[in-house]
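In: Kindly generate the corresponding structure for this input.
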Amino acid sequence: MSSTKIIIVLVSAILFSVEILPVNQTASIVAKDSTVSKETTTDSNAGGVTIPEGTKLMVNINTPISTASNPAGTVIKAILETDLVFDGKVISPKGSPVYGKVTECRGGKVLGGSKLTFQFTDITVNGQLTPIVTDPIGVEGGQGNTAKMVGAGALIGGAFGDGGEGAAIAGGLAILTAGKKNHIQIPAGTIADIPLKAPLVIK
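Out: Numbering: from 1, shown residues only. The predicted structure is shown next:
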């Protein structure tokens, strides 16, 4: 083979190598980027959220509950008074519906025998009802025209009732005596500050 042909073959080989190398490098980079993208997507969607036991819920009881009209087992509806926030994220915003049930209802008896308790059973998250567990909370009538809160958490509200009917106020809650036949009523707008009894799992 002449020296001229040898030079032409070498030049051709060099040019071929220069053209093919960038393509291979580019393919390698694309493959790496694609892998990273898939891992990131998987991590961001993995698992749900578990809110620990003891987390407080602030719930606005926006309709009254009474021993005169809400027997045990009655479903009650309320709303969140404040956002439910966990790990810096709003899990359920203020105003979201919260549901519960009356667990004990005794009224219309002698003074001191009245009792009204309830607990929350479901909260709305992302438009879906999610089960929750709380302890019962409520009001119990005592001796001497008094009322006291019972159960876990706290009930906060404004004064209620007509003093002329012998309403005994305790922490903004009322036991209605005399003209109301010793019935307890928890007024609309009462706030229940109550902890979760079990973790809340968001799937």
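In: Domain map for this protein?
Out: Split into domains by automatic domain parsing, the chain comes to 1-44, 49-202.
In: pLDDT of the shortest one, averaged?
Out: Model confidence over domain 1-44 averages 43 on the pLDDT scale.
In: quick one: the nearest residue to Gly95 once chain neighbours are set aside and Asn182, what's the gap?
Out: Of all residues not flanking Gly95 in the chain, Ile79 sits nearest, at 5.3 Å (Cβ to Cβ, 6 or more residues apart in numbering). No exception for glycine: its C-beta is placed from N, CA and C like everyone else's. Distance, Ile79 to Asn182, by Cβ to Cβ, to the nearest Å: 30 Å.
In: Give the residue from these two that has the larger number of neighbours.
Out: Between Ile79 and Asn182, counting by other Cβ atoms under 10 Å, Asn182 is the more crowded of the two (21 against 14).
In: I'd like to know how far that one sits from Gly107.
Out: Counting by Cβ to Cβ, the gap between Asn182 and Gly107 amounts to 6 Å.
In: shared neighbours of those two, anything?
Out: Residues touching both Asn182 and Gly107 (Cβ atoms under 8 Å, 6 or more residues apart in numbering) are Ser114.
In: sorry, back to before: least reliable of the domains of the chain going by mean pLDDT?
Out: Ranked by mean pLDDT, the domains of the chain bottom out at domain 1-44, with a mean of 43.
In: so what's Gly100 bridging to?
Out: Here Gly100 sits in beta bridges with Ile76, Phe120, going by DSSP bridges.
In: Report the contact partners of it.
Out: Contact analysis of Gly100 by Cβ under 8 Å, 6+ apart lists 75-78, 118-122, 134.
In: Which ChimeraX command selects the buried ones in those?
Out: Here is the ChimeraX command that selects the buried residues among the contacts of Gly100 (16 or more other Cβ atoms under 10 Å):
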select :76,78,118,119,120,121,122,134
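In: of the contacts of Gly100, closest to Asn60?
Out: Ala78 (5.9 Å; Cβ to Cβ).
In: Are we agreed that the closest one is in a strand?
Out: Yes - counting by DSSP: H, G, I helix; E, B strand; the rest coil, Ala78 is part of a strand.
In: tell me the contacts of it?
Out: The neighbours of Ala78, taking Cβ under 8 Å, 6+ apart as the test, are 59-63, 97-100, 120, 192.
In: and what of Val125?
Out: Residues near Val125 by Cβ under 8 Å, 6+ apart: 91-92, 96, 202.
In: Could you give the bridge partners of it?
Out: Going by DSSP bridges, Val125 forms beta bridges with Gln128.
In: next one: Ile186
Out: With DSSP bridges as the criterion, Ile186 is bridged to Ile65.
In: Pretty sure Leu155 is one of the things it touches, is it not?
Out: Yes - contact criterion Cβ atoms under 8 Å: Ile186 and Leu155 qualify, at 7.1 Å.
In: of these two, who's got more company?
Out: A direct count of neighbours by other Cβ under 10 Å for Ile186 and Leu155 places Ile186 higher, at 27 against 21.
In: And stretch 59-66, what's buried?
Out: 59-61, 64-66.
In: can you list those in CSV and add distance to Lys148?
Out: CSV is the format used below for these (distance: Cβ to Cβ, whole Å):
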residue, distance to Lys148
Val59, 20
Asn60, 22
Ile61, 18
Pro64, 19
Ile65, 16
Ser66, 17
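In: Thank you, goodbye.
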